[in-house]
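1. Next comes the sequence, and after it the predicted model I'd like to discuss.
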Amino acid sequence: MEKFKTIIVDDDEVSVESLRFELAKDPRFALEGVARNGNQGKKLIARVQPDLLFLDVELPDTTGMQLLQEMHDSLTWDLRVVFYTAYDKYMIEAIRQSAFDYLLKPLDEQELKAILDRFAAQADGPRPSLSVATLLPGGGQTFIVFTPTNDMRALRSSEIGFFRYCSDRKQWEVFLSNQPPLAIRRGMTAEQIVQYSPSFVQIHQSYIINIDYLMIIKDNKCLLYPPFNEVSELLVSRKYKKQLQERFCL
């Protein structure tokens with residue numbers, strides 16, 4: 001039986017060795033290499049073209065999600081990704097949508113076995129390759145917003161990190177990747193914004209985030225993936241925290 005090619009991209013030596021040890025017990029999988037940072041990881045992925053990738057969420061030079069985004073044009077084979085992470089608070093649906101599964105550190109043997117069994121069971125069925133729709137938040141969805149000057153602006157949800165309500169001007173503004181915030185015309189409500197995309201989730205009376213960029217909720221604040229990783233204002237109110245838990249927590 002041909003073994004499934006597997007690689008690990010992780011800089012945590014203890015976690016790598018634990019995973020390496022457990023993978024060696026399963027004859028269905030062959031560990032083809034380990035990379036310690038994103039740059040090494042991209043080279044290893046391109047060379048091995050693995051069936052299964054265990055990818056750390058936080059690497060010394062990048063994030064796991066950013067690595068996948070940068071590689072999406074070259075991922076032309078069937079690849080499944082398991083995020084290997086120590087972040088156990090509010091692991092949300094966005095992670096599952098962008099990956100086959102996630103595995104928490106420290107490694108639990110039964111959790112790993114369940115993932116490997118599920119992978120092997122699905123291997124004989126349809127295995128869609130990674131695409132823009134799965135690697136980039138919001139995929140290719142495009143919609144129109146009206147600016148205060150009544151101009152129409154076409155946006156893709158993958159450009160949007162979050163929305164903030166400006167109480168002084170009584171209007172929402174949208175924060176885009178590598179661009180100044182864009183004011184939306186008055187009268188646009190939070191309810192209307194979240195209807196644009198299932199990725200838009202309200203976390204506070206004044207904030208709506210693109211949940212596909214959400215990495216972790218820490219101290220009641222949302223921390224996002226790059227290019228929004230420097231944002232520290234995204235407070236989650238008690239009301240919306242409960243809604244997040246009910247909607248996304250398993």
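-> Thanks, I have the structure now.

2. so what are the domain limits for this protein?
-> With automatic domain parsing as the criterion, the domains of the chain are listed as 4-135, 142-248.

3. Can you lay out the ones you listed as CSV showing mean pLDDT?
-> Converted to CSV, the domains of the chain look like this (pLDDT from 0 to 100):
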stretch, mean pLDDT
domain 4-135, 81
domain 142-248, 83
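
4. List the contacts of Lys105.
-> Applying Cβ atoms under 8 Å, 6 or more residues apart in numbering, we find Lys105 in contact with Asp12, Ser15, Tyr84, Thr85, Ala86. All C-beta spots, glycine's among them, are computed from the backbone N, C-alpha and C.

5. helix/strand/coil for the residue nearest to Ser177 when sequence neighbours are not counted?
-> Spatial nearest neighbour of Ser177, excluding adjacent residues (Cβ to Cβ, 6 or more residues apart in numbering): Pro227 at 4.8 Å. Recorded secondary structure, Pro227: coil (DSSP: H, G, I helix; E, B strand; the rest coil).

6. tally of neighbours for Pro227?
-> Number of residues near Pro227 (other Cβ atoms under 10 Å) recorded here: 14.

7. Check which helices and strands the top helix by length along the chain sits against.
-> Counting by DSSP state H, the longest helix found in the chain is helix 109-122. If you count contacts as 3 or more Cβ pairs under 8 Å, 6 or more residues apart in numbering; DSSP states H and E, helix 109-122 packs onto helix 13-23, strand 101-104.

8. tell me the angle of that helix relative to helix 13-23?
-> Orientation of helix 109-122 against helix 13-23 (axes from the mean of the first three to the mean of the last three Cα atoms, to 10 degrees) gives an angle of 50 degrees.

9. can you give me the helices for the chain?
-> Counting by DSSP H, the helices of the chain are 13-23, 38-48, 64-71, 93-98, 109-122, 132-135, 190-196, 238-248.

10. that older thread, highest average neighbour count across the helices and strands packed on helix 109-122?
-> strand 101-104 (a mean of 18; mean count of other Cβ atoms under 10 Å).

11. helices or strands up against that strand?
-> strand 80-85, helix 109-122.

12. Now render those as JSON lines, adding distance to Phe100 and mean neighbour count.
-> Output for those, formatted as JSON lines (distance: least, Cβ to Cβ, whole Å; neighbours: other Cβ atoms under 10 Å):
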{"stretch": "strand 80-85", "distance to Phe100": "4", "mean neighbour count": "23"}
{"stretch": "helix 109-122", "distance to Phe100": "7", "mean neighbour count": "14"}
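
13. Go through the ones you listed and name the closest to Pro180.
-> Proximity to Pro180 (Cβ to Cβ) singles out strand 80-85 among these, at 31.7 Å.

14. Next, the angle from the closest one to helix 13-23.
-> Using the same axes, to 10 degrees: strand 80-85 against helix 13-23 is 140 degrees.

15. who's Ile209 bridged to?
-> Taking DSSP bridges as the rule, Ile209 bridges to Phe162, Val201.

16. And it, how close does it get to Phe83?
-> According to Cβ to Cβ, to the nearest Å, Ile209 and Phe83 sit 19 Å apart.

17. Near Asp26, how many other residues are there?
-> 17.

18. Return the residues in contact with it.
-> Lys113, Leu116.

19. looking at it, Leu59 is touching Asp12, isn't it?
-> No: using Cβ atoms under 8 Å, Leu59 makes no contact with Asp12, being 9.8 Å away.

20. Tell me which of those two has more neighbours.
-> Higher neighbour count among Leu59 and Asp12: Leu59, with 22 against 19, using other Cβ under 10 Å.

21. May I have the phi/psi pair for that one?
-> With angles defined as degrees, to the nearest 10, Leu59 sits at phi -110, psi 160.

22. Number of residues surrounding the spatially closest residue to it that is not a sequence neighbour?
-> Of all residues not flanking Leu59 in the chain, Gly38 sits nearest, at 4.7 Å (Cβ to Cβ, 6+ apart). Counted with other Cβ under 10 Å, the neighbours of Gly38 add up to 22.
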